[in-house]
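[1] Dropping a prediction and its sequence here:
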Amino acid sequence: MHSPATLPNEIIIEISSHLSLGQKSNFSRTCKRLDALIEPQIWADLELHAKGYHDSRDEIKHPPPFKSPSDRVYRCYHYRGGVSPLNTLRQLVETRDQDRLRILASRVRSLCSVIDTGDKIWNILPYCVNLEVLELNARWDEVDQRTNEVRLPPLPKLRFAKLLGYVPRAGARWILRSGPTLERLELGMLDRPIQTSLWFDRDLAPLPEENLAGPNQAPDYGSLNYELVHPRPLGGFLPEEGVSLPLLQHLYLCSTAHRKHTYYAEDEGWSSRAEEATSQDWIDILMASRQTLETLVLEHKLTIPESETEDRGEEEIMRDFHTNNDGGGSSKLADVLEAVAIHDAEEFPELTHVYFYGIVVSKGLDSSPSEERPVGRVMKRLGEEGVTCEARRGQWLTFVDDDGWTDSADCDALSDSSYGSQESERRIHWDEVIASVQGAD
């Protein structure tokens, strides 16, 4: 009878392919030879978050995700001694064990993780020189808000990058320097939250550069000194030298959005400067990818204070948003799309599909885009040029009233709330198609 140590490599690899992560870990500790064969498998594909993260209702299903949730293996709680790989790599960074750090980090091909500042992810990633897939969702961490610029070379093999939540500008800027190899890019980042102006000594106050000197310096004067400040999209994150995306085929861009006219509007602040900075970054990204881009997904997440969710559910709020809205809140997005000539087949020769989430394109519940809505006009022109477009209802993003922050990494697999809806009304879902145009086959 053969012992595991005497089996041919091919058989060992075949056996390990049928084992769970915990079983692989135990199997690899049988001897050094098995460890050398199996450990690279353990490190190759890291999913470091709660089980069900990719099954949550927040995950966009149309168009299909980069990897199906059924193909993901949740590994966070199955490593040796319960130690996460990120903790192992961080310890190697802190102890300056460069040789071991390079060996382990170079084995990582795919990394998906919910991160905090304490994970020191930006100190670890430069050593992941064979990384092809990176998906990060960053939680807000008010303890350690500073992230230094990453001065090391970009990731040379990165094909897909997904950055969500409170990713620091320095980190996003470094990832975008891998643009020449990117085939798919998904961005939905948030700027630091701003606490209520009712607090005399607030920790998260506007920075000096975020407050203008006087009321004549509109449009953003005073917008961060309100009782409630809506979460801001992150802008100004592109490299100083510009961004290059010669291979990009799939692009997802997400921004927070707000309702302009509400009962509490005079007490709520929205940063038009953050919106402007984000829009400029989007223009630059679209222009850099225009020759190869095939699929474009644009999403606005409607920011809603948690206090309002006690009285009204998501379904009711989103229904009201689409039926009683002139689309003015998305006029800046329409300007972006017009600026890059998204409807021009010569500028975007490979573009075949555009998806809009949480963006008003039609009147009421009409199933076709309207000329009276800014993005609706763009959508109609795209259809006339042979691009297939879908507008879906979209979802809210709730935030803490006084603190201004949201947990965009929260795993919620529940279906849409029906609170506040009349039973006689037609049930709606956040990803329901509300308008579409069919391009050429």
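    Yep, that arrived.
[2] Off-centre distance for the longest strand along the chain?
    Longest strand in the chain by number of residues (criterion: DSSP state E): strand 295-305. Distance of strand 295-305 from its chain centroid, counting by CA atoms, centre = their mean, to the nearest Å, is 10 Å.
[3] Whichever helix or strand comes after it - what's its average pLDDT?
    Following strand 295-305 in sequence order, the next helix or strand is helix 306-309 (DSSP states H and E). In this model, helix 306-309 has a mean pLDDT of 88.
[4] got a list of contacts for helix 306-309?
    The contact list for helix 306-309 (CB atoms under 8 Å, 6 or more residues apart in numbering) reads 317, 398, 399, 400, 401. C-betas here are computed from N, CA, C, even on glycine.
[5] Save these as a markdown table, and put in distance to residue 147 too.
    Formatted as a markdown table, the contacts of helix 306-309 follow (distance: CB to CB, whole Å):
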| residue | distance to residue 147 |
| --- | --- |
| 317 | 34 |
| 398 | 26 |
| 399 | 22 |
| 400 | 23 |
| 401 | 27 |
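[6] quick one: which of the residues you listed is most hemmed in?
    residue 399 (23 neighbours; other CB atoms under 10 Å).
[7] Am I right that that one is in contact with residue 303?
    Yes. Assessed by CB atoms under 8 Å, residue 399 is found in contact with residue 303 at 6.0 Å.
[8] which residues are common contacts for these two?
    230, 231, 406.
[9] count of neighbours near the second one?
    Read it as residue 231. The number of residues packed near residue 231 is 28, by other CB under 10 Å.
[10] Check the last one too.
    As a burial measure, the neighbour count of residue 406 was computed by other CB under 10 Å and equals 24.
[11] and the spatially closest residue to residue 356 that is not a sequence neighbour, which of the three is it?
    Once flanking residues are discounted, residue 356 sits nearest to residue 391: 4.3 Å by CB to CB, 6 or more residues apart in numbering. Using DSSP: H, G, I helix; E, B strand; the rest coil, the structure places residue 391 in strand.
[12] Per-residue pLDDT of residue 391, please?
    At residue 391, the model reports a pLDDT of 93.
[13] what residues are up against it?
    355-357, 359, 361-362, 369, 375, 379, 433-436.
[14] which of the residues you listed are buried?
    355, 356, 357, 359, 361, 362, 369, 375, 379, 434, 435, 436 (16 or more other CB atoms under 10 Å).
[15] In a strand, the last one, correct?
    Yes. According to three-state DSSP, the state of residue 436 is that of a strand.
[16] For the closest residue to it other than its chain neighbours, give the beta-bridge partners.
    Distances taken as CB to CB, 6+ apart put residue 390 closest to residue 436, at 4.8 Å, once the chain neighbours are dropped. Bridge pairing for residue 390 (DSSP bridges) gives the partners residue 355, residue 436.
[17] what does the average pLDDT come to for stretch 228-246?
    pLDDT averaged over stretch 228-246 gives 94.
[18] in the chain, which helix or strand is least confident?
    Lowest on mean pLDDT, DSSP states H and E among the helices and strands of the chain sits helix 21-28, with a mean of 58.
[19] if we can go back for a sec, closest one of the shared contacts of residue 399 and residue 303 to residue 103?
    If you rank the shared contacts of residue 399 and residue 303 by distance to residue 103 using CB to CB, residue 406 comes first, at 38.0 Å.
[20] so the residue nearest to residue 436 sits right up against residue 361, yeah?
    No. Using CB under 8 Å, residue 390 is not in contact with residue 361; the gap is 9.9 Å.
[21] and for these two, which residues touch both?
    Common contacts of residue 390 and residue 361, defined by CB under 8 Å, 6+ apart, comprise residue 435.
[22] Show the model's pLDDT score for residue 303.
    We note a pLDDT of 93 for residue 303 in this prediction.
[23] Now do the contacts for it.
    Each residue near residue 303 by CB under 8 Å, 6+ apart is listed here: 230, 231, 256, 257, 258, 396, 397, 398, 399, 406.
[24] Distance-wise, check it relative to residue 181.
    According to CB to CB, to the nearest Å, residue 303 stands 34 Å off from residue 181.
[25] One more: residue 260?
    Look at residue 260 and residue 181: by CB to CB, they are 40 Å apart.
[26] now residue 291
    Applying CB to CB to residue 291 and residue 181 gives a distance of 16 Å.
[27] ditto for residue 432
    36 Å.
[28] Same drill for those two, tell me which one is more crowded.
    Set residue 432 next to residue 181 and count neighbours by other CB under 10 Å: residue 181 wins out with 19 against 13.
[29] Per-residue pLDDT of the closest residue to that one other than its chain neighbours, please?
    Using CB to CB, 6+ apart and skipping the chain neighbours, the partner closest in space to residue 181 is residue 158 (5.5 Å). Residue 158 is assigned 98 on the pLDDT scale.
[30] Which residue, other than its chain neighbours, is closest to residue 321?
    Leaving out its chain neighbours, the residue that sits closest to residue 321 by CB to CB, 6+ apart is residue 302, at 6.1 Å.
[31] Also residue 148?
    In space, residue 148 is closest to residue 170, 6.3 Å off (CB to CB, 6+ apart).
[32] contacts for the helix ranked longest in the chain?
    The residue-count maximum for a helix in the chain (DSSP state H) belongs to helix 272-289. Contact with helix 272-289 is made by 179, 185, 187, 191, 210, 219-220, 223, 232-238, 242-245, 248, 251, 253, 255, 293, 296, 332-333, 335-336, 339-340, 342, as judged by CB under 8 Å, 6+ apart.
[33] Just the buried positions in it, please.
    Across helix 272-289, burial judged by 16+ other CB under 10 Å covers 273-275, 277-279, 281-282, 284-289.
[34] what's the answer for stretch 295-309, then?
    295, 296, 297, 298, 299, 300, 301, 302, 303, 304, 305, 309.
[35] Repeat that for stretch 141-151.
    Neighbour-count burial for stretch 141-151, with 16+ other CB under 10 Å as criterion, is recorded at 147, 150.
[36] can you tell me the distance between the two ends of it?
    This stretch, stretch 141-151, spans 23 Å end to end (CA to CA, to the nearest Å).
[37] Report the rounded mean pLDDT for that stretch.
    For stretch 141-151, the per-residue pLDDT averages 77.
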